[in-house]
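Engineer: Next input, structure requested:
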Amino acid sequence: MTKAFIKMHGLGNDFAIFDGRHEKLDIGPEQIRALADRRLGIGFDQMVVIDPPKSPETDAFLRIYNADGGEVGACGNATRCIGKLLIAELGKPEVMLETVAAKLTAKMAGDKVCVDMNEAKVKWQEIPISREEKTEFLPINEDVLQQPVAVNMGNPHAVFFVEKAANVPLETLGPKIEHHPLFPERTNVEVAQVISPTEIRMRVWERGAGITQACGTGACATAVAGVRRGLTERKVTVILDGGTLEIEWRESDGHVLMTGDAVEVYRGTVDV
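Structural biologist: Down below sits the predicted model:
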C-alpha cells in the first residue's frame with residue numbers, strides 16, 4: 001500500500017507525518033523501525049499519524065511513535081509542526097490536538113507556533129518513579145550526571161544540571177539513565193547548563209530515539225526544573241543543538257507554553 005507523508009522538523013527534531021483521518025493507517029513496530037532508518041528508509045526521530053478527533057472539542061488525535069517503534073504520549077516539536085499544518089488547512093486561529101497523554105492547543109505566534117503543553121507534573125507517582133523520592137533531587141549518580149530533577153510533560157524526563165553541557169558524554173550516559181531502575185517506563189535525559197536566569201543550554205537523549213537535535217517536551221521539562229531548583233526565571237530561552245525555544249512556566253495555572261519554529265521539508269509517498 002502506498003501512503004503519502006509529510007517530512008517536517010522542529011529545530012532538527014524530525015518527523016514523518018501520515019494522515020489517517022480518511023483511511024485508517026496501522027503500521028507495526030517493525031515497519032516503523034524500517035521507515036526510521038536513515039539509510040534504508042525515510043529517516044526520522046518520530047513518526048506521527050493524524051487520526052480523526054476522538055473528542056468533540058478537538059481537531060485531531062495524534063498517534064506518536066519513536067524510531068524504535070514504541071508509542072509515546074507526547075512530542076512537543078511534532079505538536080508544533082502538526083499544529084501549523086492544521087491551522088493552515090482548517091483556516092482556524094488555533095487548533096486543539098489530542099494525544100494519549102493530553103489535549104494541547106496550538107496557535108501561530110508570528111511565523112512561529114506556540115503550544116500550551118498543559119501542566120507540568122512533578123509528583124513521583126506522576127513521573128512515574130518506581131518508589132517514593134523527592135523529585136527535585138533524585139538519587140541518581142552516574143559519572144558527571146548527579147541528582148536530576150524529574151518532570152513529566154506527557155512523558156518522563158530526568159534533567160541534570162551540569163557545568164558544561166557540551167562536555168557530557170551523552171551517547172554513553174544517556175542510555176544508562178534511560179534504563180535506570182527508578183524509571184519503570186524509561187525516561188528522556190536532559191543535560192542543562194544555566195547561562196543566566198533567562199537562558200539555558202540543553203542537550204537531550206530521547207527515550208527510544210537517542211541523541212536528537214531538539215526535544216520540545218525536554219525543553220519544557222528543563223525550564224520547569226530550573227525554576228524548581230531556584231536557578232532560573234519562569235520565562236527562559238532554551239538553546240538546543242538545532243535552535244532555540246521560548247518556554248514559559250506560567251505561575252497562574254502551572255501550564256507550560258512553548259514557542260518555536262516548525263518547518264516543512266518535503267512531501268512524498270512510501271510503500272507500507
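
Engineer: Helices of the stretch 51-200 of the chain, start to end?
Structural biologist: 76-90, 170-178 (DSSP state H, counting those that start in this stretch).

Engineer: Which stretches in the stretch 151-272 of the chain count as strands?
Structural biologist: Assigned by DSSP state E, counting those that start in this stretch, the stretch 151-272 of the chain shows strands spanning 156-161, 188-196, 199-206, 210-212, 235-240, 243-249, 255-260, 263-271.

Engineer: Tell me which of the ones you listed sits most buried.
Structural biologist: Of these, the one with the most neighbours on average (mean count of other Cβ atoms under 10 Å) is strand 156-161, at a mean of 26. Where you see a C-beta, it was placed from the backbone N, CA and C, and this is true even at glycine.

Engineer: what's that strand in contact with?
Structural biologist: With contact meaning Cβ atoms under 8 Å, 6 or more residues apart in numbering, strand 156-161 is reached by 127-128, 138, 140, 145-151, 168, 177, 180, 183, 185-194, 207, 217-218, 221-222, 225-226, 229, 231.

Engineer: Buried only: go through the residues you listed for me.
Structural biologist: For the contacts of strand 156-161, a neighbour count by 16 or more other Cβ atoms under 10 Å gives the buried set as 127-128, 138, 140, 145, 148-151, 168, 177, 180, 183, 186-194, 207, 217-218, 221-222, 225-226, 229, 231.

Engineer: List the contacts of Glu190.
Structural biologist: Listed by Cβ under 8 Å, 6+ apart, the contact set of Glu190 reads 157-160, 202-205, 215, 218, 221-222, 225.

Engineer: For those residues, work out which two are farthest apart.
Structural biologist: Set against one another by Cβ to Cβ, the contacts of Glu190 have their most distant pair in Trp205 and Ala225, with a gap of 15.4 Å.

Engineer: per the record, what domains does the protein have?
Structural biologist: Listed by automatic domain parsing, the domain ranges of the chain are 2-116+260-271, 119-255.

Engineer: from those, which stretch is densest packed?
Structural biologist: Highest mean neighbour count among the domains of the chain (mean count of other Cβ under 10 Å): domain 119-255, with a mean of 20.

Engineer: what about it, how long is it end to end?
Structural biologist: For domain 119-255, the first and last residues are 4 Å from each other (Cα to Cα, to the nearest Å).

Engineer: export the helices of the stretch 51-200 of the chain to a markdown table and tack on mean pLDDT?
Structural biologist: As requested, those are exported to a markdown table (pLDDT from 0 to 100):
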| stretch | mean pLDDT |
| --- | --- |
| helix 76-90 | 97 |
| helix 170-178 | 98 |
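
Engineer: Make TSV from these and add distance to Thr2 to it.
Structural biologist: Output for the helices of the stretch 51-200 of the chain, formatted as TSV (distance: least, Cβ to Cβ, whole Å):
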stretch	distance to Thr2
helix 76-90	21
helix 170-178	35
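
Engineer: what about Asp45, distance to Phe15?
Structural biologist: 7 Å (Cβ to Cβ, to the nearest Å).

Engineer: My error: substitute Arg229 in the last question.
Structural biologist: Distance check for Arg229 against Phe15: by Cβ to Cβ, it reads 31 Å.

Engineer: now do Leu40
Structural biologist: Leu40 sits 18 Å away from Phe15 when distances are taken as Cβ to Cβ.

Engineer: list the contacts for the nearest residue to Ile27 once chain neighbours are set aside?
Structural biologist: Nearest non-adjacent residue to Ile27, counting by Cβ to Cβ, 6 or more residues apart in numbering: Val272, 5.6 Å away. Residues in contact with Val272, defined by Cβ under 8 Å, 6+ apart, are Met1, Thr2, Lys3, Leu25, Ile27, Gln31, Leu35.

Engineer: State the pLDDT value of Val272.
Structural biologist: At Val272, the predicted lDDT confidence score is 87.

Engineer: and what of Leu182?
Structural biologist: Looking at Leu182, its pLDDT is 98.

Engineer: these two touch, right, it and Arg131?
Structural biologist: Yes - between Leu182 and Arg131 there is a contact under Cβ atoms under 8 Å: 7.4 Å.
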